[in-house]
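Visitor: model this:
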Amino acid sequence: MAAAAQPRLREKRRKRRAIVATLALIFVLLACYGVVTLMRERFLRIGTITIEGASTLATSTLETFARGELAGNFWYVFPKDNIWLYPKNKLEAGVRSAFPVVKSVGVRADTLTSISLVVSERRPRALWCGAGDSTASSTPSPCLLLDESGMAYGQSPQFSGFVYVPYYGVLLEDGIVLPAQFLSPDTFRSLSALVDSLVQQANQGIPDRVLIDENDDVHVRFGNGFTVLFALGGDSGEIAQRFVLALASAPVSSHPLSAFRYLDLRFGDKLYFKLK
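Guide: Take a look at the predicted model:
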């Protein structure tokens, strides 16, 4: 009797385990269905995208790009525009890559159905107009806009006359994909401040070129042909001071700057110059 009952007991246990497994599977499937259904509900989907901080970029352009990044689904199931799942980091990186004028961007969730893109745009400080020299009286086209850190980020519009100082020299990056760095940020900030100081002291208007040659010598040429030379790695304060002293020296002060081909400040206290 006892031996005959054991197979029936094992069969009951097997059926019980099968029922439990089936119920567990049904529960998991229902839970998954519930999660998917919840993730797809409109009250958790991003419907409003607000753009803040854009000035040159159209807000509609940024909004269209953001909606494109949020279109579709993860693994064909979960919507990318779900407020809990949307790819925040990828969206920020995509904006920076697609729009070089954007210096920084942050994305924040405002409500369960809205987010904001807060962008900071680069501001033009100068132009980058090529790797080599230019003997033309005006900048070539197209030049690239440089921001205050020396980052080339977009094609410059056409200007009548000189609005920004045009720089020439080799980019640190290839420049095919923007943004691309011209000089290191510290070097460019120091150089552009020094050029501004020279412009103020010389009173000759905006230079028509600032060339950094292969020897890292800087040639600041004004529209009348007068050029100031100095070493890129030199101390900006000392170079500016030597320029002021040079302007006050007897050989230079006795002529207008337009009479000189160049003043050479590359050799410390020694001043070299050449008249036209």
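Visitor: For L257, grab the count of nearby residues.
Guide: 17 (other CB atoms under 10 Å). Where you see a C-beta, it was placed from the backbone N, CA and C, and this is true even at glycine.
Visitor: Start at 392, not 1
Guide: With the count now opening at 392, the last piece we talked about shows up as L648.
Visitor: Isn't Y558 up against G523?
Guide: No: checked against CB atoms under 8 Å, the pair Y558 and G523 is beyond contact range at 11.9 Å.
Visitor: count of neighbours near the nearest residue to R600 once chain neighbours are set aside?
Guide: Computed as CB to CB, 6 or more residues apart in numbering, the closest residue to R600 that is not its neighbour in sequence is R612, at 5.0 Å. By other CB under 10 Å, 22 other residues sit near R612.
Visitor: what's the answer for the one 4 residues further on, then?
Guide: Here the neighbour count serves as a burial measure; for G616 (other CB under 10 Å) it reads 14.
Visitor: Ok, K661 next?
Guide: Quick note: K661 (other CB under 10 Å) scores 9 neighbours.
Visitor: Got phi/psi on it?
Guide: As for K661, its main-chain torsions (degrees, to the nearest 10) stand at phi -80, psi 130.
Visitor: go on, G624?
Guide: Per-residue torsions, G624: phi -90, psi 0 (degrees, to the nearest 10).
Visitor: what's the answer for V496, then?
Guide: Main-chain torsions, V496, degrees, to the nearest 10: phi -150, psi 140.
Visitor: Beta-bridge partners for it, please?
Guide: Beta-bridge pairing of V496, defined through DSSP bridges, involves V510.
Visitor: Give me the below-cutoff pLDDT ranges for this protein.
Guide: 392-396, 524-532, 551-553, 565-566 (pLDDT under 70).
Visitor: Give the burial count for F664, as a bare number.
Guide: 16.
Visitor: Not counting sequence-adjacent ones, nearest residue to it?
Guide: F664 sits nearest to L654 (CB to CB, 6+ apart), 4.9 Å away.
Visitor: how about that neighbour, what does it touch?
Guide: 617-620, 634, 637, 643, 662-664 (CB atoms under 8 Å, 6 or more residues apart in numbering).
Visitor: Buried ones only from the residues you listed, please, as a ChimeraX command.
Guide: A single ChimeraX command selects the buried members of the contacts of L654 (16 or more other CB atoms under 10 Å):
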select :617,618,619,620,634,637,643,662,664
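Visitor: one step back: please say which of Y558 and G523 ends up with more neighbours.
Guide: The residue with more neighbours, out of Y558 and G523 and counting by other CB under 10 Å, is Y558; that gives 28 against 11.
Visitor: From the chain's centroid, how far away is stretch 445-458?
Guide: 16 Å (CA atoms, centre = their mean, to the nearest Å).
Visitor: any residues touching that stretch, and which ones?
Guide: By CB under 8 Å, 6+ apart, stretch 445-458 touches 440, 442, 482, 485-486, 489-490, 492-493, 506, 508, 510, 512.
Visitor: between the residues you listed, which is nearest I474?
Guide: Proximity of those to I474 (CB to CB) peaks at I506, which lies at 7.6 Å.
Visitor: Can you get me a residue count around the residue nearest to G463 when sequence neighbours are not counted?
Guide: Closest residue in space to G463, ignoring its immediate chain neighbours: K471 at 5.5 Å, by CB to CB, 6+ apart. K471: 17 surrounding residues under other CB under 10 Å.
Visitor: Hmm, K479 and K471 touching each other?
Guide: No: taking contacts as CB under 8 Å, K471 lies outside contact range of K479: 11.0 Å.
Visitor: Show me which positions of stretch 622-638 end up buried.
Guide: So stretch 622-638, judged by 16+ other CB under 10 Å, has buried residues 623, 625, 627, 630-631, 633-634, 637.
Visitor: R487 versus the nearest residue to E564 once chain neighbours are set aside, what's the distance?
Guide: Using CB to CB, 6+ apart and skipping the chain neighbours, the partner closest in space to E564 is A571 (4.0 Å). Applying CB to CB, to the nearest Å, the value for A571 to R487 is 14 Å.
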